[in-house]
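1. what follows is a protein structure lacking sequence information:
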């Protein structure tokens, strides 16, 4: 059977999220670059895979998927083992807590992180000026999220309990970029969050994807 | 065993999402009002259930959950039957497609719908003036999402395939309010989307929750 395919490149945080899941389970996969400079993301073949013309898209045989967290769930569900069960599938309570904290990541953490990234990294490239006020608002929101994380990580080693899950891993792509930006020191006030991030960043699968994120692509 | 408890009231769209799942499976549950006027959402007992001080929160025995879609997944997973399997659990491909379209709802549909709701319904209550420019931008984004939905619903009866799922139901609370606002006519250009919504709105569980949404609460 042909290996699974991921369409997109590693520097995109939503692609990196899927890649780390594939690396965690040790899956064989092909990474197919989508060249934004020649608008390949809006080409008919990519729109058939992802109707919003975004990355990633994903193929496994006849199945086409998009949305990075949905792809991640599929991969982790299909290839779960006793050792690698990052959705805590089979345990109703544990899997519910993974769902809770994955939704927190998607709906509360990621939007504020992305907003800062956009202002610092994208706006200047587009010829604009970083909106300091907007960054400040986002940092304020981020602190409220980190207050909750610090409390949660004082009770458990990971967000959804004492075992690592997709809810934790899903945080690394945006955080990786944030740590290279002017506001990285915000995390210094949250020692348990910092220790948790260092633990995540030390995982072989994360290290491999971080390396891929730093490589030249379109 | 004590019935499940939902903390929050039906007019909140995120509470309504959970309620419709409970009604679809015919569960017994208690709805416990959280009085925002006396800041009950920030009281220690509610923060213990939902550390962000938001609604809903949810309790089933010793298990406490928050985030409406995570609660919905838990309820539908725990009480799934041959007849009511709104996550398409047990089928790897079908459940992955439910995940895809639930993420589309959460990350692409809901934010633009909520932005319009906020401008038309919340800003005036706070003594401000609706930002017409911001509404226009949101409506533009909504149309792009509805273009994708119209195409998807020309291939399948529901978003994730030919069977109804949480991905569909999750749309009804924001849409219910939108249909009473100045831009409701946007949907008229999308006949398949309109037929899909009418189908959803005709479900007994949805009708029951819509009625609850219209009742007086704090």
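-> Good, I have the coordinates. This structure is a prediction, so every number in the text was calculated from the model and none was measured.
2. helix or strand for residue A:59, which one?
-> Element membership for residue A:59, per DSSP states H and E: strand A:57-60.
3. quick one: distance of the next helix or strand after that strand to the chain centre.
-> Sequence order places strand A:63-66 as the next helix or strand after strand A:57-60, per DSSP H and E. Between the centre of strand A:63-66 and the centre of its chain there are 18 Å (C-alpha atoms, centre = their mean, to the nearest Å).
4. list the buried residues in the helix or strand just after strand A:63-66.
-> Going down the chain from strand A:63-66, the next helix or strand is helix A:68-78, by DSSP H and E. The neighbour-count check on helix A:68-78 (16 or more other C-beta atoms under 10 Å in any protein chain shown) flags A:68-77 as buried. Just so you know, the C-beta spots here come from the backbone N, C-alpha and C atoms, and that holds for glycine as well.
5. leaving out chain neighbours, which residue sits closest to residue A:33?
-> Once flanking residues are discounted, residue A:33 sits nearest to residue A:9: 5.2 Å by C-beta to C-beta, 6 or more residues apart in numbering or on different chains.
6. gap between that neighbour and chain B?
-> Separation of residue A:9 from chain B (C-beta to the nearest C-beta, to the nearest Å): 21 Å.
7. in a helix, that residue, correct?
-> No. Counting by DSSP: H, G, I helix; E, B strand; the rest coil, residue A:9 is not part of a helix but coil.
8. now do stretch A:89-104: everything it contacts.
-> Applying C-beta atoms under 8 Å, 6 or more residues apart in numbering or on different chains, the contact partners of stretch A:89-104 are A:69, A:76-77, A:80, A:86-88, A:145, A:148, A:159-161, A:163, A:165-168, A:170, B:52, B:63, B:65-67, B:69-71, B:73-74, B:77-78, B:106.
9. does residue A:215 really touch residue A:10, like I thought?
-> Yes. Using C-beta atoms under 8 Å, residue A:215 is in contact with residue A:10, at 7.0 Å.
10. more neighbours: which of the two?
-> Taking residue A:215 and residue A:10 together and counting by other C-beta atoms under 10 Å in any protein chain shown, residue A:10 has the greater number of neighbours (24 against 9).
11. just to revisit the earlier point, the strand holding residue A:59 pairs with which strands, parallel or anti?
-> strand A:4-7 (antiparallel), strand A:63-66 (antiparallel) (DSSP bridges).
12. what's the neighbour count on the residue nearest to residue A:33?
-> By other C-beta under 10 Å, 23 other residues sit near residue A:9.
13. do the same with residue A:64
-> A count of nearby residues for residue A:64, using other C-beta under 10 Å, gives 17.
14. what does chain A have sitting close to chain B?
-> Neighbours of chain B within chain A, by C-beta under 8 Å from any C-beta of the partner chain: A:51-52, A:63, A:65-67, A:69-71, A:73-74, A:77-78, A:92-93, A:95-97, A:99-100, A:102-104, A:106-108, A:144, A:148, A:151-152.
15. quick one, helices of chain A?
-> A:13-24, A:44-49, A:68-78, A:92-104, A:110-117, A:132-155, A:166-169, A:172-178, A:191-201, A:204-213 (DSSP state H).
16. could you tell me the least trusted of those helices?
-> Ranked by mean pLDDT, the helices of chain A bottom out at helix A:44-49, with a mean of 92.
17. outside of that helix, which residues touch it?
-> With C-beta under 8 Å, 6+ apart as the test, helix A:44-49 has contacts from A:7, A:34, A:40, A:53, A:57-59, A:64, A:66.
18. try stretch A:193-212
-> Residues lying outside stretch A:193-212 but in contact with it, judged by C-beta under 8 Å, 6+ apart, are A:10, A:16, A:19-20, A:23-24, A:146, A:149-150, A:153, A:157-159, A:164, A:168-169, A:171-173, A:175-176, A:187-188.
19. which of those residues are buried, as a ChimeraX select command?
-> Entered in ChimeraX, the line below selects the buried ones among the contacts of stretch A:193-212, by 16+ other C-beta under 10 Å:
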select /A:10,16,19,20,23,24,146,149,150,153,158,159,164,168,169,171,172,173,175,176,187
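20. buried sites along stretch A:5-15?
-> Within stretch A:5-15, the residues that count as buried by 16+ other C-beta under 10 Å are A:5-15.
21. tell me the two of the residues you listed that are most distant?
-> Distance extremes for the buried residues of stretch A:5-15: the farthest pair is A:5 and A:13 at 19.2 Å, using C-beta to C-beta.
22. redo the buried residues of stretch A:5-15 as TSV? Include distance to residue A:195.
-> Below are the buried residues of stretch A:5-15 laid out as TSV (distance: C-beta to C-beta, whole Å):
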residue	distance to residue A:195
A:5	36
A:6	30
A:7	35
A:8	31
A:9	31
A:10	26
A:11	27
A:12	27
A:13	22
A:14	26
A:15	27
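23. just how off-centre is stretch A:91-108 within its chain?
-> 14 Å.
24. residues of that stretch that come out buried?
-> Neighbour-count burial for stretch A:91-108 [16+ other C-beta under 10 Å]: A:94-108.
25. run the chain-centre distance for stretch A:195-210.
-> Put simply, stretch A:195-210 sits 12 Å off its chain's centre (C-alpha atoms, centre = their mean).
26. returning to that earlier point: of the helices of chain A, which is nearest residue B:29?
-> For these, proximity to residue B:29 was assessed by C-beta to C-beta; helix A:92-104 is nearest, at 15.8 Å.
27. export the buried residues of helix A:68-78 to TSV and tack on distance to residue B:29?
-> Below are those laid out as TSV (distance: C-beta to C-beta, whole Å):
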residue	distance to residue B:29
A:68	33
A:69	27
A:70	28
A:71	33
A:72	31
A:73	26
A:74	30
A:75	34
A:76	30
A:77	28
